[in-house]
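Participant: give me a 3D structure for the following:
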Amino acid sequence: MNIQRRNLMKAGALAAAGIAVGPRAFAQGGFPTKPVTLIVPFAPGGNTDIVARSVAVSLGKVLGQSVVVDNRAGAGGSIGASLVARAQPDGYTLLLCGAGVIVTVPEIVKTQYTRANFAPIGLVNKSSMVILARKNDARFKNFQDFATYARTAEGKVLAAHSGPGTPNQLALIQLENLLKARFTSVSYKGSAPALVDLMGGQVDVHFDQVTSSLPYIKSGQLEPLAVLGPAQDPSLPGVKTVAELGFGNLDGTTYVGVLGPAGMPKDLQDKLAASLAQAVKDPYTVQNARELGSVAISSTPQEFTRILDAEYALASQSVKDGRLKAD
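Facilitator: Residues are numbered from 1 along each chain as shown. Purely as a prediction, here's the structure:
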C-alpha cells in the first residue's frame with residue numbers, strides 16, 4: 001500500500017473514532033449534530049474508496065462533524081447502494097459512487113433500488129478514460145491505425161474492459177458507435193487483470209481509467225492511443241481526444257458523486273451540496289485527486305442529475321440492443 005493510501009486510511013480511522021476536524025459550521029442549531037456515514041459500495045483500497053476517504057476528511061472540516069467511511073462491497077455496488085436507498089433521508093447516511101451504480105447496474109441485474117430512490121447531491125471527482133495498446137504493438141502505432149484496423153477486421157479486435165455496466169464498457173460501446181465497428185468484448189473483474197493480459201498479449205486493447213493505467217503508461221509498457229472524453233487529461237500531455245483526432249464526440253469520463261436517499265428535504269439537500277462543493281475545493285482533496293490521476297470537481301445536484309441522465313440513456317439503449325448485459 002503506497003503512502004497516499006496509508007495516509008487516507010489513517011484519516012478514515014480518525015473519522016471513525018469520532019475525531020472531527022475544523023469548526024462546527026452547521027452543528028449548532030441544526031444539521032449535523034452527530035457523525036455522518038458515507039457508504040462506499042466497494043472494498044477498501046480501490047480508487048473510489050481513496051476518493052471517499054479524502055472527501056470525508058474535507059467534508060468533516062466543513063460540517064464540523066466526523067464523516068465516517070463505511071465500505072459495503074458486493075454485487076457491482078448494489079449492496080451498499082441498497083442500504084442508502086432504504087435509509088432515513090435525514091442527511092446522516094450518504095452514498096459515494098460512480099454514476100453507473102445508480103443507473104447502469106439496475107439495467108443489467110435485479111436490484112432493490114432504482115435511480116428514483118436517490119437524491120443527487122453533487123459530483124466530487126472525475127477521471128479520464130483512455131484506450132490503451134501495448135507499446136510494441138506494430139498494428140496500433142496511433143489511434144488512426146487502430147480505427148482503420150477495427151473497421152477492416154470486424155470483430156477481430158480483442159477489447160478488454162473492467163466488467164459489465166462499468167464506464168469502461170460504456171466507453172467501448174460509444175467508440176464502436178463512432179467507428180461503426182464491432183470489437184470482441186472481453187470482460188474482466190476490474191482493471192488489474194485486464195492490464196496484465198494486455199501487457200501479456202492476450203488482448204489487443206483495454207479501455208481504462210487514467211487512475212489505474214498511469215503507472216504502466218509512465219513506465220513505457222502501455223501506449224495511450226486517445227483520451228475517450230471531451231478534453232485532454234492533464235496527466236497525459238499531448239494525448240489527444242477522439243474528437244480532436246477527427247472521429248467525433250464521446251464522453252467516457254468516470255464521474256463520482258455523493259447521493260442521499262430520496263425524500264430528503266430540499267433545504268437539507270442544498271446545504272449538503274454547498275458543503276460538498278466547499279469540501280472538494282480543499283487543497284487536501286485537490287492534491288489527493290491529482291496524485292491519483294483524477295480531478296476533484298464540484299457540481300450542483302442538477303448538474304449531477306444530467307450526468308446520470310446521459311449515462312442512463314446510453315445504458316438503457318445498449319441493453320435494448322443486446323450489447324450490455326451481465327456476465
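
Participant: longest strand of the chain?
Facilitator: As assigned by DSSP state E, the longest strand anywhere in the chain is strand 118-127.

Participant: what mean pLDDT would you report for it?
Facilitator: Model confidence over strand 118-127, given as mean pLDDT, is 97.

Participant: what do you get for stretch 220-233?
Facilitator: 96.

Participant: for Glu311, see how far away Pro301 is.
Facilitator: To Glu311, Pro301 is 16 Å away according to Cβ to Cβ, to the nearest Å. The C-beta positions use only the backbone N, C-alpha and C, and glycine is treated the same way.

Participant: Leu259 now?
Facilitator: 14 Å.

Participant: likewise for Pro41?
Facilitator: 16 Å.

Participant: so between the two, which is more surrounded?
Facilitator: Neighbour count, other Cβ atoms under 10 Å: between Pro41 and Glu311, Pro41 has more, with 27 against 23.

Participant: the closest residue to the more buried one other than its chain neighbours: which element?
Facilitator: Counting by Cβ to Cβ, 6 or more residues apart in numbering, Gly80 is the residue found nearest to Pro41 once chain neighbours are left out, at 2.8 Å. Taking DSSP states H and E as the criterion, Gly80 maps to helix 78-85.

Participant: the helix or strand following that helix pairs with which strands, and in what direction?
Facilitator: Later in the chain than helix 78-85, the nearest helix or strand by DSSP H and E is strand 93-98. Using DSSP bridges, strand 93-98 pairs in its sheet with strand 36-40 (parallel), strand 254-261 (antiparallel).

Participant: quick one: the ones you listed as CSV, columns for mean neighbour count and mean pLDDT too.
Facilitator: Shown next, in CSV, are those (neighbours: other Cβ atoms under 10 Å; pLDDT from 0 to 100):
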stretch, mean neighbour count, mean pLDDT
strand 36-40, 23, 98
strand 254-261, 25, 97
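
Participant: got the ones you listed as CSV, with distance to Asp270 columns?
Facilitator: As requested, the strands paired with strand 93-98 are arranged in CSV below (distance: least, Cβ to Cβ, whole Å):
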stretch, distance to Asp270
strand 36-40, 16
strand 254-261, 12
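
Participant: now the strands for the stretch 201-327 of the chain?
Facilitator: Here the stretch 201-327 of the chain has its strands, by DSSP state E, counting those that start in this stretch, at 205-209, 222-227, 254-261, 295-296.

Participant: contacting residues around the nearest residue to Ser82 once chain neighbours are set aside?
Facilitator: Spatial nearest neighbour of Ser82, excluding adjacent residues (Cβ to Cβ, 6+ apart): Gln112 at 4.4 Å. Taking Cβ atoms under 8 Å, 6 or more residues apart in numbering, we find Gln112 in contact with 78, 82, 85-86.

Participant: repeat that for Val109.
Facilitator: Applying Cβ under 8 Å, 6+ apart, the residues near Val109 are 75-76, 78, 326.

Participant: 7 Å instead?
Facilitator: Contact analysis of Val109 by Cβ atoms under 7 Å, 6 or more residues apart in numbering lists 76, 326.

Participant: that one and Ser82, how far apart?
Facilitator: Following Cβ to Cβ, the distance that separates Val109 from Ser82 is 12 Å.

Participant: re earlier: need the residues that contact whichever helix or strand comes after the longest strand of the chain.
Facilitator: Beyond strand 118-127 on the C-terminal side, the first helix or strand identified by DSSP H and E is strand 129-134. Residues from elsewhere that reach strand 129-134 (Cβ under 7 Å, 6+ apart): 140, 146, 167-168, 171, 198-199, 201, 204-210, 213, 222-229, 236, 252-254.

Participant: change it to 8 Å
Facilitator: Against strand 129-134 from outside (Cβ under 8 Å, 6+ apart): 140, 143, 146, 167-168, 171, 175, 195, 198-199, 201, 204-210, 213, 216-217, 221-229, 233, 236, 239, 252-254.

Participant: okay, now the unreliable bits of this protein?
Facilitator: For the chain, the stretches with pLDDT under 70 are 1-29.

Participant: so Leu268 sits right up against Gln88, yeah?
Facilitator: No - here Leu268 lies out of contact with Gln88, judged by Cβ atoms under 8 Å, at a distance of 11.4 Å.

Participant: quick check: closest non-adjacent residue to Gly98.
Facilitator: Once flanking residues are discounted, Gly98 sits nearest to Val256: 5.3 Å by Cβ to Cβ, 6+ apart.

Participant: okay, and the beta partners of the one you found?
Facilitator: Gly98, Asn125.

Participant: tell me where this structure has helices.
Facilitator: Using DSSP state H, the helices found in the chain span residues 3-16, 47-63, 78-85, 99-103, 105-108, 143-152, 167-179, 191-200, 210-218, 266-280, 283-292, 301-320.
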